Structures are given as structure tokens and as C-alpha cells.
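**Q** Using only what follows, build the 3D model:
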Amino acid sequence: MQILEMSFYVRKFIVASCFIVFSINYIDQRDVIVPCAEPQCDGSLTSDNYPFNYPKLRNDNTTLCVPSGKIKINWTDFSLEQPEHTGYGVECVYDWIKIVECENQEILLNKTCGRNLTLPTLTSNTNCIKIIFRTDGNWQFRGWYFTWNAVVGNNGNCEI
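**A** Alright, predicted model coming up:
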């Protein structure tokens, strides 16, 4: 697997709450592109440092594209910080993953968090998806791991 482009920078947010002012530094990882190169049209992706605890304060965006067809994701492992019970229900507010289509931002997997989850197989509608992974500065867990492959038509064969 080849990474075409990666850039890092630190974004600092200043937050004021209840007369207490504190700052949070997020390390951004932008536009990591994982191409499908001949003859490989499958692979795997993990959170940073998997199977050990992922880092604090991550703001990762990974783009995965195949030459044509769709992308099928099979989850192997998933363990993030638990959701929070808020006034609006149960929400993933600390550490979460979300997967969207690249072009129209259609949601394939809404914000998802929790420990030792079994997630369903996902299939994109296009040949390009974006994996968005966010972590806060408190608890870290094992993270996530999935395998992926390019599929075309009903036969599920990889088209190169």
C-alpha cells in the first residue's frame, strides 16, 4: 500500500467554559490517500498504533479510492471510547469514526464509538470513500481494524 500525500500541522482551539479558559491542541492529519494499485485491489486499514491504544487528540481524514466499482469494508476489530449520555440521547462526543462518500458526502457509517462492537459490512456507492477519525485528550483504546476490497457488479470481482 502506498501513501501518496500526507501533511501534518497542529491546530489550536481556545475554549472558554464556566469562566475557565483552556486550550486543546489537535494534531491534524489531512488527505492521506490510499490508492488501489495493480494488481492489488484489497487491503486493510487501522487506527494509528493499532492494536495498541490510539493517540490522543487525533483529527484524521483518510481517503480510500479504487480504480472503478465500489469499496466493501469488513470490520475485524472495533474498540473506541464509550458514547456519552447527553440531553439529546446517546452520542459519540469523544472518540469516534465516520465514513462518507468522497463526492457527495453521503454517510455510509455515522459517528460510531464504543468498545468491542461488531459492526456490519459496508459497501460504498462509488469508488472513493473518506474515513474520518477523531479522538479527544482523555481515554484511549485499541482502536479499529478493517479489511477492504474493490467490487464490481454482482460477482464481486476486483476490476483493474
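**Q** what mean pLDDT would you report for stretch 150-160?
**A** For stretch 150-160, the mean per-residue pLDDT is 61.
**Q** Please apply the same query to stretch 127-134.
**A** What stretch 127-134 shows for mean pLDDT is 96.
**Q** Distance from the chain centre to it, please.
**A** In this view, stretch 127-134 has its centroid 5 Å away from the chain centroid, taken as C-alpha atoms, centre = their mean, to the nearest Å.
**Q** so where is the protein shaky, pLDDT-wise?
**A** Of all residues in the chain, those with pLDDT under 70 make up the ranges 1-40, 153-160.
**Q** Let me see the ranges of the strands in it.
**A** Counting by DSSP state E, the segments of the chain that form strands are 7-17, 20-34, 42-46, 58-65, 70-79, 84-86, 89-91, 96-101, 107-112, 122-123, 128-134, 143-151.
**Q** Strand partners (parallel or antiparallel) of the fourth one?
**A** What that stands for is strand 58-65. Strand 58-65 sits in its sheet next to strand 20-34 (parallel), strand 128-134 (antiparallel), going by DSSP bridges.
**Q** Just the buried residues of that strand, please?
**A** For strand 58-65, a neighbour-count test (16 or more other C-beta atoms under 10 Å) marks R58, D60, T62, T63, L64, C65 as buried. Where C-beta positions appear, they are placed from N, C-alpha and C, glycine not excepted.
**Q** Closest one of the residues you listed to T123?
**A** Distances from T123 to those, taken as C-beta to C-beta, are shortest for L64 (13.0 Å).
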